[in-house]
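J.: Take this sequence and fold it.
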Amino acid sequence: MIKINLTVLYIVLFCDFSLEALLPNNEYEFPIHMPGIHPTLPNSESYLCTGVAVPNQNLYITGFQPEADMSRVHHMMLVGCDAPVDMNLVDNNNVWNCGGSLSEPGISSPGSACPGSNASQTLFMWSLGADGIHMPEDTSVPVGLDTNIKHLVLQVHYYSTLGLEEDGDWSGLKVSYTNQKTSKVAGVMSLHVHGVIPPESKIAWDSLCQVGGTADLEAFAYLGHTHRLGKLVSGWKIEELDNWTQLGRSDPRQPQAFLPVDNVKMSPGDVLAARCIFENYGKTEVPQGKYTK
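T.: The predicted model follows:
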């Protein structure tokens, strides 16, 4: 079977494609940034997206380095779309609303992060001032010609305009890549939870899924993500009902970085499970979604 390196566990639980630098290890680097946005936050928070088409060739992403101010950005996510973004559905500034009701007036709302696509996948996530990630040796995320990733979309979750300067917000990422194929392929498996947190409560939300496909997998990193009421995120591999291996656990009140997994192998049929612990000391219920709630 093909050995695949897998980035796990992400739980929820404008710009041009241009070369900026040739890095010492024969990797290239390019930016994906918001184009000087001035969010007004009519709903106290907004989700905005911008994107860049992948050239019609095979490229291999090897790392992500965030460039954002956590005083106004709660999180950023890079998404791979299976088709180029339909520019007829977005405005001329290559920016669109992508957070449902948490939107900005005067900006197009096509209904998704990848308008015109049938499918998408998470490639990277950043929150609360965390650092970036670089893939292990000879490992990459393939994008472009022979893949189902044709467009890269940056989603930014704004919750403040603190410190916003006259030229607007330029939050984004530097993406490192190579044009040399690697022997191992990286990807993200994400488990999500949704619901409403009752008032004056401590509650656990669980999620699980079964590993499919035919390839053996090796987990090398995990990330736990919640909004303000989250206290603990943990992830597990389940082979049998009485055979659980912890992938990792994190406090989502700390910088939400990808943390190393200690040499955990997974096979088709194994189950991934996640638990998110929330505490709500308020007098009203809190729906999933808004950071300020």
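
J.: Just give me the neighbour total for Gly212.
T.: Gly212 has 8 neighbours, counted by other C-beta atoms under 10 Å. All C-beta atoms are positioned from the backbone trio N, CA, C, and that covers glycine.

J.: ok, now how distant is it from Val188?
T.: Going from Gly212 to Val188 by C-beta to C-beta, to the nearest Å gives 15 Å.

J.: Ok, Ile277 next?
T.: Distance, Ile277 to Val188, by C-beta to C-beta: 22 Å.

J.: Ok, Asp86 next?
T.: Distance from Asp86 to Val188, by C-beta to C-beta: 24 Å.

J.: The two - which one has more neighbours?
T.: When Asp86 and Val188 are compared for neighbours, Val188 comes out ahead with 19 against 13, by other C-beta under 10 Å.

J.: That one against Ser120, yeah?
T.: No - counting by C-beta atoms under 8 Å, Val188 stays clear of Ser120, with 11.3 Å between them.

J.: give me the element Ile61 is part of.
T.: Per DSSP states H and E, Ile61 falls inside strand 58-67.

J.: For that strand, which residues meet the burial criterion?
T.: Residues of strand 58-67 classed as buried: Leu59, Tyr60, Ile61, Thr62, Gly63, Phe64, Gln65, Pro66 (neighbour count, 16 or more other C-beta atoms under 10 Å).

J.: Quick check: the second one touching Gln180?
T.: Spelled out, that is Tyr60. Yes - Tyr60 is within contact range of Gln180, at 6.8 Å (criterion: C-beta under 8 Å).

J.: Can you give me the domain boundaries for the chain?
T.: Annotated domains of the chain cover 3-185, 190-287 [automatic domain parsing].

J.: Check the offset of the longest one from the chain's centre.
T.: Okay, so that is domain 3-185. Offset of domain 3-185 from its chain centre (C-alpha atoms, centre = their mean, to the nearest Å): 8 Å.

J.: Check the last one too.
T.: Once both centres are worked out by C-alpha atoms, centre = their mean, domain 190-287 turns out to sit 15 Å from its chain's centre.

J.: Now do it, average pLDDT.
T.: On average, the pLDDT along domain 190-287 is 89.

J.: First residue to last residue on it, what's the distance there?
T.: End-to-end span of domain 190-287 (C-alpha to C-alpha, to the nearest Å): 20 Å.

J.: Now do the buried residues in stretch 269-279.
T.: Of all the residues in stretch 269-279, those buried under the rule 16+ other C-beta under 10 Å are Asp270, Val271, Leu272, Ala273, Ala274, Arg275, Cys276, Ile277, Phe278.

J.: just stretch 251-258 next, same as before
T.: With the criterion 16+ other C-beta under 10 Å, stretch 251-258 contains buried residues Pro252, Gln256, Ala257, Phe258.

J.: isn't Gly212 right up against Pro268?
T.: Yes - using C-beta under 8 Å, Gly212 makes contact with Pro268 at a distance of 6.1 Å.

J.: Using JSON lines, please lay out the buried residues of strand 58-67 together with pLDDT and distance to Asn26.
T.: Below are these laid out as JSON lines (pLDDT from 0 to 100; distance: C-beta to C-beta, whole Å):
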{"residue": "Leu59", "pLDDT": "95", "distance to Asn26": "13"}
{"residue": "Tyr60", "pLDDT": "96", "distance to Asn26": "12"}
{"residue": "Ile61", "pLDDT": "96", "distance to Asn26": "14"}
{"residue": "Thr62", "pLDDT": "96", "distance to Asn26": "10"}
{"residue": "Gly63", "pLDDT": "95", "distance to Asn26": "13"}
{"residue": "Phe64", "pLDDT": "96", "distance to Asn26": "18"}
{"residue": "Gln65", "pLDDT": "96", "distance to Asn26": "17"}
{"residue": "Pro66", "pLDDT": "96", "distance to Asn26": "23"}
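
J.: Now stretch 96-105 - C-alpha only, CSV.
T.: As requested, the backbone C-alpha atoms of stretch 96-105 are provided in CSV (Å, rounded to 0.1, in the frame of the first residue of the first chain):
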residue,chain,number,x,y,z
TRP,A,96,-16.6,37.8,-0.9
ASN,A,97,-18.6,37.0,2.2
CYS,A,98,-18.2,33.4,3.3
GLY,A,99,-19.6,33.1,6.8
GLY,A,100,-23.4,32.9,6.4
SER,A,101,-25.1,35.7,8.4
LEU,A,102,-21.8,37.1,9.6
SER,A,103,-21.3,39.1,6.5
GLU,A,104,-20.2,42.6,5.3
PRO,A,105,-22.6,44.9,3.4
